[in-house]
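[1] give the three-dimensional model of this entry:
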Amino acid sequence: MLDDTIVELMGRIGMPFLRIGIGVIFIWFGLLKPLGLSPAAELLANTVYWWTPEIVVPAIGWWEVAIGITFLIPQLTRVAIFLLAIQMPGTFLPLVLLPEVCFTVFPWGLTLEGQYIVKNLVIIGAALVIGSTIETKRRLKTQAIPVVKAS
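    Predicted coordinates for the structure are as follows:
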């Protein structure tokens, strides 16, 4: 009985909490970059070394803010996942381009920077779960068609 109540409560609040959590994290971490407060700015500048840090760091920060905002608005979930899909591969680049910064002992001993990067696997998982809630036209059509049984 108590277990059912707890599971039902988690079912009701889980998705809104996941959306708000991922949205807040992206907005917060994103805003730190153009404000010059991000501890990841140097890592980002060293990873995307072919662009000027004064441009790339704030640009990626604003991109992350856009991801966060779109995750907060359920109707923009497709946009959020699209923006995230473009951004996420780049977050793993330091593992390849700067292994000396990401690993104490390759491949398992992660530095704080390495841990910061690998945790993005959870963000990808959260985005997949959120994306699985998108109502497609096909599903809506299927649900709208009444099933008539022959007598």
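[2] and residue 103, what does it touch?
    Neighbour list for residue 103: 109-111, 114 [criterion: Cβ atoms under 8 Å, 6 or more residues apart in numbering]. Every residue, glycine included, has its C-beta placed from N, CA and C.
[3] compare these and tell me which is most surrounded.
    The most crowded member of the contacts of residue 103 is residue 114, carrying 21 neighbours; neighbours defined as other Cβ atoms under 10 Å.
[4] could you list the buried residues of the longest helix seen in the chain?
    In the chain, with assignment by DSSP state H, the single longest helix is helix 2-32. Under the neighbour-count criterion of 16 or more other Cβ atoms under 10 Å, helix 2-32 has 18-19, 22-23, 25-27, 29-32 buried.
[5] what's the separation between the spatially closest residue to residue 134 that is not a sequence neighbour and residue 34?
    Leaving aside its chain neighbours, residue 134 sits nearest to residue 77 (5.4 Å; criterion: Cβ to Cβ, 6 or more residues apart in numbering). Note on residue 77: its distance to residue 34, by Cβ to Cβ, to the nearest Å, is 25 Å.
[6] who are the contact partners of the residue most central in space within the chain?
    In the chain, the residue lying closest to the centroid (Cα atoms, centre = their mean) is residue 123, at 4.3 Å. Contacts for residue 123 (Cβ under 8 Å, 6+ apart) come out as 22, 25, 84, 88.
[7] contacts made by stretch 64-71 with the rest, please.
    With Cβ under 8 Å, 6+ apart, stretch 64-71 has contacts from 19, 22-31, 33, 76-77, 79-80, 83-84, 87, 127, 130.
[8] 7 Å - rerun?
    19, 22-24, 26-27, 29-31, 76, 79-80, 83-84, 87, 130 (Cβ atoms under 7 Å, 6 or more residues apart in numbering).
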